[in-house]
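A.B. asks: predicted model, plus sequence, below.
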Amino acid sequence: MKTITQKLDLDNFITTFKSFLARDKSVEMLGDINQHYRYISALSTVEYPAIKEVPNLDIELNRIKKQGVLGLDEIYHFMTIVGYFNSLKAISLPEPLGKWIREIDIPSEIIDILQYFTDEGKLNPQKEPELFDIQRAIKMNRASIKESLYKMAHSSKLKDYLVDSQVHFLNGEETLLVRGGFNRVIKASVVGRTDGGFFYILPQSISHLKEKESNLLSREEELIYRYCKTFSATLSKYYLFMRFINREYDRFDNYQARVGFAKAYDYQFVLPSKKKNIKLDGFCHPAIENPVPISINLDKSIMLITGVNAGGKTMLLKSLLSSVYMSKNLLPFRCNAQKTEIGHYKSIEAIIDDPQSVKNDISTFAGRMVEFAKLFKKENAIVGIDEIELGTDSDEAASLFRVMLDELRARDITFIVTTHHKRLASLMSGDDDVELIAALYDEAKREPTYTFLQGSIGKSYAFETAQRYGIPEHIVLKAKKVYGEDKENLNELIEKSTTLEREMRLKIQKVDSELKSIDRKKEELKNIEDKLNEQHRKAVATLENRYNAAIKRAREAIKVKESTEGRRLLNDAHKHKELSKRAKEVSQPQKVLPKVGDRVKYRSSKGELLSIKGEEATIEVDGLKMRVPLSTLKKIGTIPKVKPKTNVTVEKPNRGAISIKLLGYFADEAIDKLDKFLSDALVNGFSEVEIIHGTGTGVLKNVIIDYLKSYPKLQSFHGKKGNLGVTIVKL
């Protein structure tokens, strides 16, 4: 029986993905998919060491559990895993990946074993003097054997019997190649024979060297076995850790393979959502070369695909199921991930192939019924059915499948169905939970477009398809006549309806695009208006401050009895006062006042309008209630935002103070009192004052800081050391 990946044409895709794995395993990952996604996302942002291939070690783990002795290569496979995690610990990894790797505590005795291996998986002779001596002796002995054979190959005694003067390796032995009769001049044992009748010989004169080599190799094997026994005992002691790290290696392998696969093919990851929908944007099935990208939004329990033959209906079905399969297993694929959304389904079923079987004495339709019967035991699944009426009368099948689909979707099963027959589509077209999808056909080019239109029933174009694939035209014309004019007219009406709907949707898209452009321009104009209003407010404040400063200079002149200069300065101050009055009298455009419950904007803050009393309103901003003039509020929404000018009243100060306490005031009251306080301080010539606002939630302090930043006559301001509830201002 075919697997789901075979039915969906994903075999090559899966095979390619598996080539990125360090060892073969299932593509499915157990556990929390959201956690897996976080690890994969983190790993995608960092460079990490290339993973090493390691075979499956389940059998070796079982032997460790039973305190068996592993071979050197088997121990090295475990050390490869340990060494890789050790290298990961040495680099900086983003969270939560870094925390996971840091928490893997490798026992020091296991680290010690790792140091006994070379990069080639052999015992390191630098760690064991006896091994070093044995290997050096073997090397020297082999050099002696080679030198002895070389001398014999160039001796006059053997000259007439030698085929060549080379030293030949046969079955791991160094030999000479000679002709028959060699035993007259040299004693040797025959190791092998060529097709030409020549002999590979091993001279007896070097047999003692061979015996010495054999003894050295035996000693080396005994030494290696002792180490294997010691290492295996240590691994048995830490069996649970070895089982754990072997499993974690598979887990990291799954992550790195997905990251490497995605980078190699420029694929994207899509985390399954909790919704039962499929929204694809720019999706390309990996089995298709030069595909037409699919963009479709399906959020209903039944999707019924009709339309042209060979127009991509089956591939659309496979693409939808494939996207669910790949998303479910966190396999990356080609799409626009920002606009793609794929729901999570417990299982995926594909009823695609013809189930007819002579061996089991089952017909096509009977086979379909067997497959449908299995669905009544499932829940929370997505099922794809290709050519749903296959194998029986289409009218009877339409009625039967209509009822079965209604029953099965009540079990939280989503269906994607393709059909050429109109009856089932017409029976289900009035259901709000059924999505009709038409495969489109290009009449001018007489070929399918491999694109789809939602909300329509498509025409099959059987006659056009037959002619396109070589059926003679006169046969097609005769078939059309037999088919009947009434049914052909019905097909034409279906196609015209589809065409009109397609044109209408294109126009709607164009209108939507234009509306978005208008909204953007409106937003730009509102931003410009707000900016100009803010500039106007600052200009008024500047004029007020200039007036206050002029009053201050006039008073100073009067104090020193410079009456002429005093009068001149007073006149200058009144000029600034007049400019300020004119600025405040600039007419403002008509605006619609907000009402209780609206979201409103006050200066740079946004909040909710709680109540209106006369000309005043109470709003809530970040948990702080403020009483402000109603005219200063702007409704946030479709109503144009017009920022009115703040009414500023300038009074001639009678006295000044170096400190002001604003605790308990509403934000607007606090700003009014602060403005008057700073003006008085300027007039009285104070160079430094303090503002007591308290700590609380910090909202009042932030409002005051925002105001001070735009105050023109300020040199600087800072928090009082040791008291966050006081701000010091230098004028």
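C.D. replies: Structure's in. What do you need? Numbers count the residues shown, from 1 in each chain.

A.B. asks: secondary structure class for Ile704?
C.D. replies: helix (DSSP: H, G, I helix; E, B strand; the rest coil).

A.B. asks: quick one, what contacts the residue lying closest to it once chain neighbours are set aside?
C.D. replies: Distances taken as CB to CB, 6 or more residues apart in numbering put His693 closest to Ile704, at 5.5 Å, once the chain neighbours are dropped. In short, each C-beta sits where N, CA and C put it, glycine included. Contacts for His693 (CB atoms under 8 Å, 6 or more residues apart in numbering) come out as 662-663, 670, 700-701, 704, 725-727.

A.B. asks: which two in the residues you listed are spaced the farthest apart?
C.D. replies: Greatest spacing in these, by CB to CB: Ala670 and Val726 (14.2 Å).

A.B. asks: between the two, which one's more packed in?
C.D. replies: Neighbours were counted for Ala670 and for Val726 using other CB atoms under 10 Å; Ala670 has more, 21 against 18.

A.B. asks: please enumerate the helices of the stretch 151-300 of the chain.
C.D. replies: Ranges of helices in the stretch 151-300 of the chain, per DSSP state H, counting those that start in this stretch, are 207-237, 239-265.

A.B. asks: so which of those is the most surrounded?
C.D. replies: helix 239-265 (a mean of 18; mean count of other CB atoms under 10 Å).

A.B. asks: look up how far Cys228 lies from the residue in the chain sticking out farthest from the centre.
C.D. replies: Within the chain, Arg184 marks the point farthest from the mean C-alpha position, 79.7 Å out by CA atoms, centre = their mean. Remark: distance between Arg184 and Cys228 (CB to CB, to the nearest Å) = 49 Å.

A.B. asks: what's the local residue count around Asn56?
C.D. replies: Residues lying near Asn56 (other CB under 10 Å) number 13.

A.B. asks: surely it meets Arg23?
C.D. replies: Yes. Using CB atoms under 8 Å, Asn56 is in contact with Arg23, at 6.0 Å.

A.B. asks: quick one, phi psi at the most centrally placed residue in the chain?
C.D. replies: Nearest to the geometric centre of the chain sits Phe269, at 4.3 Å (CA atoms, centre = their mean). Note on Phe269: its backbone torsions stand at phi -100, psi 140 [degrees, to the nearest 10].

A.B. asks: can I assume Ile660 sits in a strand?
C.D. replies: Yes. Assessed with three-state DSSP, Ile660 lies in a strand.

A.B. asks: mind listing what it touches?
C.D. replies: By CB under 8 Å, 6+ apart, the contact set of Ile660 is 673-674, 677, 689-692.

A.B. asks: pull the most distant pair out of these.
C.D. replies: Farthest-apart pair in the contacts of Ile660 is Lys673 and Glu690; separation 14.0 Å (CB to CB).

A.B. asks: surely the residue nearest to the centre of the chain and Ala337 touch.
C.D. replies: Yes. Here Phe269 reaches Ala337: they are 6.8 Å apart, a contact under CB under 8 Å.

A.B. asks: what about Leu43, distance to Tyr37?
C.D. replies: Applying CB to CB, the value for Leu43 to Tyr37 is 11 Å.

A.B. asks: nope, Ile81 is what I meant
C.D. replies: 24 Å.

A.B. asks: compare these two and say which is more crowded by neighbours.
C.D. replies: Comparing Ile81 with Tyr37 by neighbour count (other CB under 10 Å), the higher total belongs to Ile81, at 22 against 16.

A.B. asks: what's the angle between the helix or strand containing that one and helix 207-237?
C.D. replies: Assigned by DSSP states H and E, Ile81 belongs to helix 72-89. Relative orientation of helix 72-89 versus helix 207-237 (axes from the mean of the first three to the mean of the last three CA atoms, to 10 degrees): 50 degrees.

A.B. asks: list the buried residues for helix 72-89?
C.D. replies: By neighbour count on 16 or more other CB atoms under 10 Å, the buried set for helix 72-89 is 72, 74-84, 86, 88.

A.B. asks: what comes into contact with that helix?
C.D. replies: With CB under 8 Å, 6+ apart as the criterion, helix 72-89 contacts 48-49, 51-52, 54-55, 57, 60, 101-102, 104, 106, 110-111, 113-114, 117, 121-123, 224, 227-228, 231-232, 235, 242, 245-246, 248-249, 252.

A.B. asks: the next helix or strand after it - contacts with which helices or strands?
C.D. replies: Once helix 72-89 ends, the next helix or strand along the chain (criterion: DSSP H and E) is helix 97-102. Secondary-structure packing of helix 97-102 (3 or more CB pairs under 8 Å, 6 or more residues apart in numbering; DSSP states H and E): helix 33-43, helix 72-89.

A.B. asks: any idea how far the shortest one is from the chain center?
C.D. replies: With CA atoms, centre = their mean, to the nearest Å as the basis, the distance from the averaged C-alpha position of helix 33-43 to the chain average is 9 Å.

A.B. asks: got it, and the last one?
C.D. replies: Taking the mean of its C-alpha atoms, helix 72-89 sits 30 Å from the chain's own mean (CA atoms, centre = their mean).

A.B. asks: ok, stretch 198-208 next?
C.D. replies: Relative to the mean C-alpha coordinate of its chain, stretch 198-208 is positioned 67 Å out (CA atoms, centre = their mean).

A.B. asks: alpha carbons only: can I get that stretch in PDB?
C.D. replies: Extracted as PDB, the C-alpha positions of stretch 198-208 are listed here (Å, rounded to 0.1, in the frame of the first residue of the first chain):
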ATOM      1  CA  PHE A 198      53.000 -16.300 -13.100                       C
ATOM      2  CA  PHE A 199      53.400 -16.800  -9.300                       C
ATOM      3  CA  TYR A 200      53.200 -14.400  -6.400                       C
ATOM      4  CA  ILE A 201      55.800 -15.700  -3.900                       C
ATOM      5  CA  LEU A 202      56.800 -14.900  -0.300                       C
ATOM      6  CA  PRO A 203      60.500 -15.700   0.200                       C
ATOM      7  CA  GLN A 204      61.200 -17.900   3.300                       C
ATOM      8  CA  SER A 205      64.200 -15.600   4.100                       C
ATOM      9  CA  ILE A 206      61.800 -12.900   5.400                       C
ATOM     10  CA  SER A 207      59.500 -15.400   7.200                       C
ATOM     11  CA  HIS A 208      61.000 -14.400  10.500                       C
END
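
A.B. asks: fine, thanks again, bye for now.
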